[in-house]
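Asks: need the 3D shape of this:
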Amino acid sequence: MNYIKEICGLLNNSAKKVGIEENLNITFSKREDSLFQCNDAFSLAKKYGKNPLLLAEEIVNGIDNNENYIFTVAKP
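Replies: Below you'll find the predicted structure:
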């Protein structure tokens, strides 16, 4: 399986658990401490009336156990 598809699948499955129906997208990160990033938290937080950091943490915390990837929420 393509690792980008696998990462998107893990994120999207978790997002659905917290009531987000939209598909999340990842891009290559420009940060030195990350390979990929997902920038959807701000737009989704506005749509769903939630704090973006809390929403991102809900999604990350809901990711099913996996041994291949480490997911974190980048703080500003």
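
Asks: all strands for the protein, in order.
Replies: In the chain, strands defined by DSSP state E lie at 27-28, 36-37, listed in chain order.

Asks: next, format those strands as TSV and append mean pLDDT.
Replies: Listed next are those as TSV, based on pLDDT from 0 to 100:
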stretch	mean pLDDT
strand 27-28	91
strand 36-37	91
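
Asks: out of these, which one sits most buried?
Replies: Each of the strands of the chain was given a mean neighbour count from mean count of other C-beta atoms under 10 Å, and the largest, a mean of 15, is that of strand 36-37. Bear in mind the C-beta positions are built from the backbone N, C-alpha and C, glycine included.

Asks: list the contacts of that one.
Replies: Contacts to strand 36-37, defined as C-beta atoms under 8 Å, 6 or more residues apart in numbering, come from residues 4, 7, 26-29, 31, 74.

Asks: could you do stretch 50-58 as well?
Replies: The list of residues contacting stretch 50-58 from outside it, by C-beta under 8 Å, 6+ apart, reads 18, 20, 41-42, 44-46, 48, 73, 75.

Asks: okay, now residue 50: neighbour count?
Replies: Per other C-beta atoms under 10 Å, the neighbour tally for residue 50 reads 17.

Asks: from residue 66, how far out is it?
Replies: 24 Å (C-beta to C-beta, to the nearest Å).

Asks: coming back round to it: hmm, which of the contacts of strand 36-37 is lowest in pLDDT?
Replies: Across these, the member with the lowest pLDDT is residue 31, scoring 85.

Asks: if we can go back for a sec, so of the contacts of strand 36-37, which two are at opposite extremes in space?
Replies: Using C-beta to C-beta, the two most remote members of the contacts of strand 36-37 are 4 and 74, lying 18.5 Å apart.
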